[in-house]
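S.K.: Quick one, what's the 3D model for this:
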Amino acid sequence: MTLTMTIPDNLAASIGNAVDEVRSRFIEGYAVQAYRSGTFSTAEVRELLGHASRWETEDFLAAHGAWPDPSANEVLDDISNLRALRVA
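M.R.: Numbers count the residues shown, from 1 in each chain. Predicted coordinates for the structure are as follows:
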């Protein structure tokens, strides 16, 4: 999908040659908001931004104040692992 934006001329002049940076910032901002609203999962944010790993995406979201919540299965796995350590 290709999106086109119209930016007022007086603001476009201040962007100058930083078009790629502005494009990246808009996409990153959208990814954070889509994650916060539940529109995108962590995996979808990773795909949109082209991150190499889940950890890179989690670091990105955390840096933007949108720390990924663990899933119910992850919490249950953690509880199980802690119980196993306690018994050992």
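
S.K.: so where's this structure shaky on pLDDT?
M.R.: Applying pLDDT under 70 to the chain picks out residues 68, 88.

S.K.: which stretches of it form helices?
M.R.: For the chain, the helices defined by DSSP state H occupy 9-15, 19-37, 42-49, 54-63, 72-87.

S.K.: for those, which one sits closest to residue 3?
M.R.: Judged by CB to CB, the one of the helices of the chain that comes nearest to residue 3 is helix 19-37, at 8.8 Å. Heads up, the C-betas are built off the backbone N, CA and C, glycines and all.

S.K.: And that closest one, what's buried?
M.R.: By neighbour count on 16 or more other CB atoms under 10 Å, the buried set for helix 19-37 is 28, 30, 31, 32, 34, 35.

S.K.: any chance of those residues in TSV, plus distance to residue 45?
M.R.: TSV is the format used below for these (distance: CB to CB, whole Å):
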residue	distance to residue 45
28	9
30	10
31	5
32	8
34	7
35	5
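
S.K.: nearest to residue 8, of the residues you listed?
M.R.: Using CB to CB, residue 30 comes nearest to residue 8 of the buried residues of helix 19-37, at 20.0 Å.

S.K.: what's the burial count for the residue nearest to the closest one when sequence neighbours are not counted?
M.R.: Distance criterion CB to CB, 6 or more residues apart in numbering; nearest residue to residue 30, sequence neighbours excluded, is residue 48 at 8.0 Å. Residue 48 has 16 neighbours, counted by other CB atoms under 10 Å.

S.K.: just the one 5 residues further on next, same as before
M.R.: The local packing of residue 53 (other CB under 10 Å) involves 9 other residues.
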